[in-house]
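Student: structure here, sequence nowhere to be found:
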């Protein structure tokens, strides 16, 4: 099903009408966990230690055209090749769509040098300990308030995230809630370290005394043990909103949906959708659809910026799976399409940014 | 000039048309300084030490119906009589007007237990030292960004503040910028301790090596030496906004206007106004008009909730000058009027809240 050039729809597509050409607000939830320091688990940072700077650097790049917390632009580096951060995709698309951008701190260890909405200050721990997130229900409740307030100011919320190693914590929450997500979560590198992710999650569940599915009626226990603080924050924003919410991200957003479903088994997903990139949707190492369909009827909107046609070499790395999504890149591109911007124009603007602020 | 029952207008009144019945957003900037610990300088707290809890407790009361950082409701207590916090006025008026409420941290030492926009984390010092605020220009620039973003989501911003001892820091900034504000700033108690305020400001100016008017071309130096972090934060929000901004507060907001004027001598105040209560405007111990007229053509909107007609005894304390303004009470009541709510209904709702959440 294609209603816009460059857009694929998995699901009914009914959600789209309510968000086409509407006043929109993009929120990027930033969070970190010590899980991202596990060597080999994420490509979102030049070294394991630097992964905790990535969310701050990404949103600083969007707001200030340059990172401030780090001397260099965040790059996803795999096997020596540098792919530009997905933050440039988000920046290009939002600027073209003229959609305002806000940052929400869901628990980032490095605070970005931009004004942000404080939902939660404390970053997550290493999920192998089985004690990952402090007071997840409080984070969720604060997210609810933010969703309620922000949705009174716009007709459509788009919520992206930047959470290094977030697919591992997503796998943790999905597993604790009883979903089959093994070998289905995505990765920020061509080789998806499924065995490592599974091992890390299993260590955390074991240390928390949780078996698969044990938390289906105690959803916050799943987050507390093996999640990250972004998940309850974004679930809260989404459930507090009185307008449609596009969850802009890959398989991590299925963990958000799973938490919402566990908090409210009757939650109606008709005003909620996931938007992501073609790089996640067609990733042979993961399967967002097979996760989402276990949770509910959730439309998934997939944007293909056709980076094969880009002349900027770094963007070709996306085609190799070096990086697939992040900072709500897919949802930001969807916003551009919904505001009448052709996908080619988005790609051209991304290339321009790569050749200027990233050069 | 009266266009709404209960509203007095000092100035042209031209500003009003652009904000009547418009989508509005109320932001409360919270900040503290160690200046509020000087005994006798403020009534905003049961003891000098507790004044630093007042901003957090006030916004918690608005959001949660009860303070969370303190076991008790903040009250302005003078000579044993308790006047209800102006936060109940703000809460009543905003709920009737159905205007969303957001909190911005401009530098509060006690962080409120509500989601807030982080503009600045660090509270101000004791201005007697002459080193009051760290990096005021950075605070201003972050305020600019917040003003730009929030104004893209609404047609009218109303910015209130909660800053104990804020009239003293306002006097400091006004004096350093060259204005005659001595004996003209307001106070949160019937006896206005002008001599103490003047002494505190003069000590700060002296320690900073500043004489009256010295900072007119270095406005941030005035804030750095003898100001508070709310002033540059709100100046930034106002100057960054692309929609009309109502500065909801008493004489403290004249210091914000003075800073704006010093930053941009050509600043056009036609899209900026001050809104306050009758208790400030008719205070015989202060003179907001005589301060404002030195700065520029700034409309001042004054709301009279006629607390003389209230049956709640605590509200009568406002008539004695026990408390006059705060948490943007005057601006919140103006918003109610602009949304067609009669001032009697606002007063009745305030009484209801006094008899329920404050009882």
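Tutor: Everything's here; your move. Values in this document were obtained by computation on a predicted structure and should not be read as measured data.

Student: ok and the residue in the stretch 51-200 of chain A nearest chain B?
Tutor: Nearest to chain B in the stretch 51-200 of chain A, going by Cβ to the nearest Cβ, is residue A:153, at a distance of 4.1 Å. Where C-beta positions appear, they are placed from N, C-alpha and C, glycine not excepted.

Student: so which residues on the stretch 1-150 of chain A come close to chain B?
Tutor: A:25, A:63, A:100-102, A:105, A:111, A:114-119, A:142-143, A:145-146, A:149 (Cβ under 8 Å from any Cβ of the partner chain).

Student: ok, now with 6 Å
Tutor: By the rule Cβ under 6 Å from any Cβ of the partner chain, the part of the stretch 1-150 of chain A lying against chain B is A:100, A:115-119, A:142, A:145-146, A:149.

Student: which two from these end up farthest apart in space?
Tutor: The distance between the two most remote of the residues of the stretch 1-150 of chain A next to chain B (Cβ to Cβ) is 20.9 Å, for A:100 and A:142.

Student: ok, back up a step: considering the residues of the stretch 1-150 of chain A next to chain B, which possesses the most neighbours?
Tutor: Using other Cβ atoms under 10 Å in any protein chain shown as the neighbour criterion, residue A:119 leads these with 31 neighbours.

Student: doesn't residue A:232 make contact with that residue?
Tutor: No - with the criterion set as Cβ atoms under 6 Å, residue A:119 and residue A:232 do not qualify as a contacting pair; they are 9.1 Å apart.

Student: before we move on, back to that, now do the SS call for the residue of the stretch 51-200 of chain A closest to chain B.
Tutor: Counting by DSSP: H, G, I helix; E, B strand; the rest coil, the backbone at residue A:153 sits in coil.

Student: ok, and the closest non-adjacent residue to residue A:288?
Tutor: The shortest distance from residue A:288 to any non-neighbouring residue, by Cβ to Cβ, 6 or more residues apart in numbering or on different chains, is to residue A:251 (5.1 Å).

Student: can you check what pLDDT the model gives the one you found?
Tutor: Per-residue confidence for residue A:251 comes out at a pLDDT of 95.

Student: and it, what does it touch?
Tutor: Counting by Cβ atoms under 6 Å, 6 or more residues apart in numbering or on different chains, residue A:251 touches A:167, A:170, A:185-186, A:286, A:288.

Student: can you add secondary structure and pLDDT and give those residues back as a markdown table?
Tutor: Compiled in a markdown table, these are given as follows (DSSP: H, G, I helix; E, B strand; the rest coil; pLDDT from 0 to 100):
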| residue | secondary structure | pLDDT |
| --- | --- | --- |
| A:167 | helix | 96 |
| A:170 | helix | 98 |
| A:185 | coil | 90 |
| A:186 | coil | 90 |
| A:286 | coil | 92 |
| A:288 | helix | 96 |
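
Student: out of those residues, which is most surrounded?
Tutor: Using other Cβ under 10 Å as the neighbour definition, the contacts of residue A:251 reach their maximum at residue A:170, which records 33 neighbours.

Student: which element is the closest residue to that one other than its chain neighbours on?
Tutor: Excluding its sequence neighbours, the residue lying closest to residue A:170 (Cβ to Cβ, 6+ apart) is residue A:255, at 3.7 Å. When elements are defined using DSSP states H and E, residue A:255 is found to belong to helix A:252-263.

Student: can you give the contact residues for that helix?
Tutor: With Cβ under 6 Å, 6+ apart as the test, helix A:252-263 has contacts from A:166-167, A:170, A:173-174, A:177, A:179, A:216, A:219, A:231, A:234-235, A:239, A:247, A:267, A:274, A:291-292, A:295-296, A:298.

Student: so which of those residues are in helices?
Tutor: Among the contacts of helix A:252-263, the subset assigned to helices under DSSP state H consists of A:166-167, A:170, A:173-174, A:219, A:231, A:234-235, A:239, A:291-292, A:295.

Student: and the nearest residue to residue A:23 once chain neighbours are set aside, how far is that from residue B:158?
Tutor: In this structure, residue A:23 finds its nearest non-sequential neighbour in residue A:155, 4.6 Å apart by Cβ to Cβ, 6+ apart. With distances taken as Cβ to Cβ, to the nearest Å, residue A:155 is found 22 Å from residue B:158.

Student: more neighbours: which of these two?
Tutor: The neighbour count for residue A:155 versus residue B:158, taken as other Cβ under 10 Å, is higher for residue B:158 (30 against 14).

Student: make sure that one is indeed in a strand.
Tutor: Yes - Residue B:158: assigned to a strand according to three-state DSSP.

Student: for it, what are its contacts?
Tutor: B:24, B:26, B:246, B:248, B:331, B:335.

Student: roughly how far apart are the nearest residue to the third one once chain neighbours are set aside and residue B:328?
Tutor: Translated: residue B:246. The shortest distance from residue B:246 to any non-neighbouring residue, by Cβ to Cβ, 6+ apart, is to residue B:158 (4.5 Å). Separation of residue B:158 from residue B:328 (Cβ to Cβ) stands at 6 Å.

Student: identify the contacts common to those two.
Tutor: With contacts taken as Cβ under 6 Å, 6+ apart, residue B:158 and residue B:328 have residue B:248 as neighbours in common.
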